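Undergrad: Need a 3D model of the following:
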Amino acid sequence: MSSSTAELNPEDGGHPPQNTAVAIEQSQQAIHPPVQSGSAKIAAWASPNADDTEPYGICAKILIVLSYIITIITFPISVFMCIKIVQQYERAVIFRLGQLKKGGAKGPGLFFIIPCIDEYRKIDLRVVSFQVPPQEILSKDSVTVEVDAVVYFRVCNATISIVNIENSTGSTKLLAQTTLRNVLGTKTLSEMLSEREHISHQMQEVLDEATEHWGVKVERVEVKDVRLPREMQRAMAAEAEATREAKAKVIAAQGEQQASRALREAALTISETPTALQLRYLQTLSAISAEHNSTIIFPFPVDIMSAFMQNGGRTFATQTPQQQEVPLLSEGRHTVPINYE
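TA: Residues are numbered from 1 along each chain as shown. Predicted coordinates for the structure are as follows:
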């Protein structure tokens, strides 16, 4: 055991003192420093507050000094090669001798480079939209559908999008296709048709989490169209038509039921007030005369017909079967009798 390590005190239960534990922890951190991810290292390197002293070797420093000398010697001409312009919607990532230059992406406006040792790449920060090609997807209920979508994204970190991935736009497009298949593969057909907004939000979360390490921000995802097979379309149309017919029959039956109830109430009202029947009789005659018909039928009043039927019934009962003849049809002046023998 080294002399720097304190001896264990039996009175303390065999545990090292607090100062010794802190010293051991510091020594372990010095031997095994915390590991940072690639994106964290790049973000720290590209921070505007980062130190400008880069770990160049002797040869690299000599080349840098020579480049400065050549730039000063050819001053009037070298200005056009050293000063570059970046638009408001662009950022420039500078590499010096192949290494990422500290200080982050430059722009917008003017920035300065050294010819022969510096090179830069411009990145567009505007929102880019692309259409996901139609994908054949097997839904959860075993229905094959064809779905396409639209994705809106932008580069939020120019440095990471250059260093971490070769083609951020192409990779985002391919990832959107696979994400569309994976998300919709867990949905049924009815959920695809009725929960488009929820599906779009779920796709956006998955894409945004995956493209965060590429310096890309997915702004929005929209499911554009869900195409069904022709057989499924015909089946759904037949089902919808049958549902509409069933609803129409139910509504018609309810209407007839309500009409029968209204007729029953009207019949009860008329039976309680005989005058109402006479008023109804006059209303019917008025309606018939308003239609300009050439033939008008005037039925006997109910009270006269009831008295006539009572008297006729008695006379008919006293007659013999030969005398019981009832006229059925009149043609001109001739009457055709009906004999009940």
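Undergrad: what residues are up against residue 225?
TA: 147-148 (C-beta atoms under 8 Å, 6 or more residues apart in numbering). The way it works is simple: take the backbone N, C-alpha and C, and place the C-beta from them, glycine included.
Undergrad: er, residue 276 I mean
TA: 269-270 are the contacts of residue 276 under C-beta under 8 Å, 6+ apart.
Undergrad: Before we go further, it is sitting in a helix, right?
TA: Yes. According to DSSP: H, G, I helix; E, B strand; the rest coil, residue 276 belongs to a helix.
Undergrad: what's around residue 111, how many residues?
TA: 18 (other C-beta atoms under 10 Å).
Undergrad: Which elements pack onto the longest helix along the chain?
TA: Criterion DSSP state H: the longest helix present in the chain is helix 230-272. The helices and strands touching helix 230-272, judged by 3 or more C-beta pairs under 8 Å, 6 or more residues apart in numbering; DSSP states H and E, are helix 274-290.
Undergrad: picking up where we left off before, tell me the angle the longest helix of the chain makes with helix 274-290.
TA: 120 degrees (axes from the mean of the first three to the mean of the last three C-alpha atoms, to 10 degrees).
Undergrad: And the strands in this structure?
TA: Listed in chain order, the strands of the chain (DSSP state E) span 83-86, 90-96, 99-100, 109-112, 118-124, 128-138, 144-155, 216-227, 325-331, 334-339.
Undergrad: Now mean pLDDT and distance to residue 256 too, for those strands, in CSV please.
TA: Below are the strands of the chain laid out as CSV (pLDDT from 0 to 100; distance: least, C-beta to C-beta, whole Å):
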stretch, mean pLDDT, distance to residue 256
strand 83-86, 89, 79
strand 90-96, 90, 74
strand 99-100, 86, 83
strand 109-112, 88, 81
strand 118-124, 90, 69
strand 128-138, 89, 47
strand 144-155, 91, 42
strand 216-227, 89, 41
strand 325-331, 45, 35
strand 334-339, 45, 38
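Undergrad: For stretch 205-223, which outside residues touch it?
TA: 39, 127, 147, 149-162, 164-165, 168, 171-172, 175-176, 179, 182-183, 192, 196, 199-201, 203-204.
Undergrad: Can you give me the first-to-last residue distance of that stretch?
TA: 14 Å (C-alpha to C-alpha, to the nearest Å).
Undergrad: buried stuff in that stretch?
TA: 206-207, 210-211, 214-218, 221-223 (16 or more other C-beta atoms under 10 Å).
Undergrad: and those residues, which two are the farthest apart?
TA: Farthest pair in the buried residues of stretch 205-223 (C-beta to C-beta) is 215 and 223. Separation: 25.8 Å.
Undergrad: related to what we said a few turns ago, I'd like the strands of the chain as a markdown table, with distance to residue 241 appended.
TA: Below are those laid out as a markdown table (distance: least, C-beta to C-beta, whole Å):
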| stretch | distance to residue 241 |
| --- | --- |
| strand 83-86 | 62 |
| strand 90-96 | 57 |
| strand 99-100 | 65 |
| strand 109-112 | 65 |
| strand 118-124 | 52 |
| strand 128-138 | 27 |
| strand 144-155 | 22 |
| strand 216-227 | 21 |
| strand 325-331 | 50 |
| strand 334-339 | 54 |
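Undergrad: which one of those strands lies closest to residue 75?
TA: strand 83-86 (12.1 Å).
Undergrad: Which of the residues in the closest one are classified as buried?
TA: In strand 83-86, counting by 16+ other C-beta under 10 Å, buried: 84, 86.
Undergrad: List just the nearest of the buried residues of stretch 205-223 to residue 120.
TA: Distances from residue 120 to the buried residues of stretch 205-223, taken by C-beta to C-beta, are shortest for residue 215, at 16.4 Å.
Undergrad: how much space between the closest one and residue 252?
TA: 64 Å (C-beta to C-beta, to the nearest Å).
Undergrad: who wins for proximity to residue 288 among the strands of the chain?
TA: Going by C-beta to C-beta, the one of the strands of the chain nearest residue 288 is strand 325-331, 22.1 Å.
Undergrad: isn't residue 71 right up against residue 82?
TA: Yes. Applying C-beta atoms under 8 Å, one finds residue 71 in contact with residue 82, separated by 6.3 Å.
Undergrad: Now list whatever residues contact both of the two.
TA: 114-115.
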